[in-house]
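Novice: Need coordinates for the following:
(2 chains)
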Amino acid sequence: MHEMSLCENIRDIIQAQAAESGFVRVNRVWLEVGPLSCVEPEALRFGFDVVMRGSVAEGAALEIATPAAKAQCLACGQVAVVQHRYDPCPDCGAVEMQVTEGDALKISKLEVV
Amino acid sequence: MCGTCGCGEGQVQIDGKHHHGDAREIVLERDIMAKNDGYATANRQRFRDGGILALNLVSSPGSGKTFLLVKTIEMLGDMACSVIEGDQQTSHDADRIRATGAPAVQINTGKGCHLDAHMVGHAVDDLAPRSGSILFIENVGNLVCPAGFDLGEAHKVVVLSVTEGEDKPLKYPDMFAAADLALINKADLLPHLDVDMDRIVANARRINPKLDLIRISARTGEGMQDWLDWIRAAQSAMRPATAAE
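Specialist: Residues are numbered from 1 along each chain as shown, chains lettered A, B, ... in the order given. Below you'll find the predicted structure:
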């Protein structure tokens, strides 16, 4: 359940931003969670509601975007959208693919008051 | 609840009325792991300055990490080693390491499922590893969460015992993607198992084409020399950075 500690990171970042930008309440939080980022979005949602209690983001809505992951085939060089780390190249079928995008884990933006 | 926009209770009110005008968006694009990564960067710099090779050993519970470490430290002989042990509870593993004569610090994570770079920084304060030494960090036995936390190590080394089956790299891909070396341990048990070593290797490479693999048995000593050679090569690879200062 490392999603809980990630939620604590999210809360700390938001609290620090509140002090810097002078907002008192967060209505909505947008996250970008890459499909290959070692994070389970549902566990993150569960932890988010609990961890945000007592912070400026208590009760805030959580929007999670999961942009497509991409990998480059080491055999033919093709860059393709992949769902998993073990997906073969859709072009040549080779199984050795190097992930190039899809492990990001960030707060994209906030809607604040 | 607001009948206009459907937003929840407790929203800002001005003169007793619900007010939308003040809501604004702030673009952050901030990495959620930034705090851990900051500590990890500090740890890495400290290791580099001291010429300390830090290896983060990760695996499922019961892969034989601690026994492997005990044997490794014994075989490294005169080379200075120290160990950070991570477990939810008990100091059993640190006690086993200390019996070899190597200094060890035990981190108990309580309910935590992984070590993070902040904990490791404090453990390094206590341990004060010698310049030019090797620091082994034995992470909490967990093939999932430790993959996402950089501790400042030079390499993650994943230990997989052959009894865990051929498909572990596919089932737990994040860890194999994050590692630079896989030690396929308990190889002495292979004759008793319906496990195909070649398939373990193929599945691991499918997740991480650059992964080094060593078939090893801490019990019989098979592969131990290859592992020690890998450690020494990793140590040599650090030296240019140290010498340049």
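Novice: what's the burial count for A:Val39?
Specialist: Using other CB atoms under 10 Å in any protein chain shown, A:Val39 is surrounded by 23 other residues. (C-beta placed from N, C-alpha, C; glycine too.)
Novice: my bad, should have said B:Arg24
Specialist: Applying other CB under 10 Å, we find 12 residues neighbouring B:Arg24.
Novice: likewise B:Gln225?
Specialist: A count of nearby residues for B:Gln225, using other CB under 10 Å, gives 12.
Novice: what secondary structure does it sit in?
Specialist: Per DSSP: H, G, I helix; E, B strand; the rest coil, the local secondary structure of B:Gln225 is helix.
Novice: how much space between it and B:Ile73?
Specialist: As judged by CB to CB, to the nearest Å, B:Gln225 and B:Ile73 stand 15 Å apart.
Novice: Quick check: phi and psi at residue 112.
Specialist: Going with chain A. Dihedral pair for A:Val112: phi -130, psi 160, per degrees, to the nearest 10.
Novice: The chain in question should be chain B.
Specialist: phi -70, psi 150.
Novice: For stretch A:65-72, measure first residue to last.
Specialist: Using CA to CA, to the nearest Å, one end of stretch A:65-72 lies 22 Å from the other.
Novice: Residues contacting stretch B:62-72, please?
Specialist: The contact list for stretch B:62-72, computed with CB atoms under 8 Å, 6 or more residues apart in numbering or on different chains, reads B:57, B:59, B:81, B:83, B:85, B:93, B:96-97, B:99-100, B:136, B:138, B:141, B:159-161, B:164, B:183, B:185-186, B:216, B:218-219, B:221, B:224, B:227-228, B:231.
Novice: And those residues, which of them are buried?
Specialist: Neighbour counting by 16 or more other CB atoms under 10 Å in any protein chain shown classes B:57, B:59, B:81, B:83, B:85, B:93, B:96-97, B:100, B:136, B:138, B:141, B:159-161, B:164, B:183, B:185-186, B:216, B:218, B:224, B:227, B:231 among these as buried.
Novice: now, which of the contacts of stretch B:62-72 lie close to chain A?
Specialist: With CB under 8 Å from any CB of the partner chain as the criterion, the contacts of stretch B:62-72 include none near chain A.
Novice: so who does A:Gly93 touch?
Specialist: By CB under 8 Å, 6+ apart, the contact set of A:Gly93 is empty.
Novice: Check it and give its pLDDT.
Specialist: The model reports A:Gly93 with a pLDDT of 93.
Novice: Which of the three states applies to it?
Specialist: Under the three-state scheme (three-state DSSP), A:Gly93 adopts coil.
Novice: Backbone dihedrals for it, please?
Specialist: phi 80, psi 0.
Novice: Tell me where chain B is predicted with low confidence.
Specialist: For chain B, the stretches flagged by pLDDT under 70 are B:1-21, B:240-245.
Novice: and the residue nearest in space to the middle of it, bridged to which residues?
Specialist: Residue closest to the average C-alpha location in chain B (CA atoms, centre = their mean): B:Asn56, at 4.0 Å. On the basis of DSSP bridges, B:Asn56 is bridged to B:Ile137, B:Lys156.
Novice: Now do the same contact list for it.
Specialist: Residues near B:Asn56 by CB under 8 Å, 6+ apart: B:Ile137, B:Asn139, B:Pro146, B:Leu151, B:Glu153, B:His155, B:Lys156, B:Val157.
Novice: Same question for B:Thr90.
Specialist: By CB under 8 Å, 6+ apart, the contact list for B:Thr90 reads B:Asn108.
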